[in-house]
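Engineer: Predicted model, plus sequence, below.
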Amino acid sequence: MDFNEMVRVCWEAAKQAEATAYLFVAESPSSLEVMRSVFHGNGNTSIVVTCDSRGDTVVQNVDSPYMDCLPIRTPVKISQAESEAYLYGANHGDDWVSVTLRAPLGPEPYNPLYIYTYSNDRTGAATYWAVDSTDGSVFQLF
């Protein structure tokens, strides 16, 4: 399963727990073997769904809201695989360590973004490169 297929499987599992669930964030290591997604649940609750690349899911209800992102409406226009092509086309390497699909709250409003985390092994510092899921534009965050 690719990243977006895992998002779909996680969403289906979240909707079984709460029919009105909607996506806030989905994140995966570069291996794309597992994904962790957070959905809005009923009232002020969250649903955390973990999915592996075989489609096996674990659903956890959390008795608190998730407040770091704006809701993501699917389907997003650009897939994660397509976002990689935009990232590499902007001269970034394939040595990213994780990818996150989210629509950050701010400091300015963003469309849903694929955010790639790169780690500098020498310094331990992380850099974050975003690919806009609506038009493929690539830019650095933070």
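Structural biologist: Now that the structure is in, tell me what you want to look at.
Engineer: Least confident secondary structure element in the chain?
Structural biologist: strand 69-70 (a mean of 92; mean pLDDT, DSSP states H and E).
Engineer: any idea which residue sits dead centre in the chain?
Structural biologist: Nearest to the mean C-alpha position of the chain, by C-alpha atoms, centre = their mean, lies residue 101 at 2.3 Å.
Engineer: which residues does that one bridge with?
Structural biologist: Beta-bridge partners of residue 101, counted by DSSP bridges, are residue 26, residue 114.
Engineer: any idea what sits nearest residue 109, other than its immediate chain neighbours?
Structural biologist: residue 70 (7.6 Å; C-beta to C-beta, 6 or more residues apart in numbering). C-beta coordinates here come from the backbone N, C-alpha and C atoms, glycine included.
Engineer: Tell me which residue of this structure is furthest from the middle?
Structural biologist: Largest centroid distance in the chain under C-alpha atoms, centre = their mean is residue 122 at 26.6 Å.
Engineer: Let me know the secondary structure of that one.
Structural biologist: At residue 122 the chain is in coil, as set by DSSP: H, G, I helix; E, B strand; the rest coil.
Engineer: quick revisit: roughly how far does the residue nearest to the centre of the chain sit from residue 121?
Structural biologist: Using C-beta to C-beta, to the nearest Å, we find residue 101 at a distance of 25 Å from residue 121.
Engineer: surely residue 22 meets residue 41?
Structural biologist: No: Residue 22 is beyond contact range of residue 41, at 9.6 Å (criterion: C-beta atoms under 8 Å).
Engineer: more crowded one of those two?
Structural biologist: residue 41 (22 against 16; other C-beta atoms under 10 Å).
Engineer: So the more buried one versus residue 1, what's the distance?
Structural biologist: Residue 41 is 24 Å from residue 1, where distance means C-beta to C-beta.
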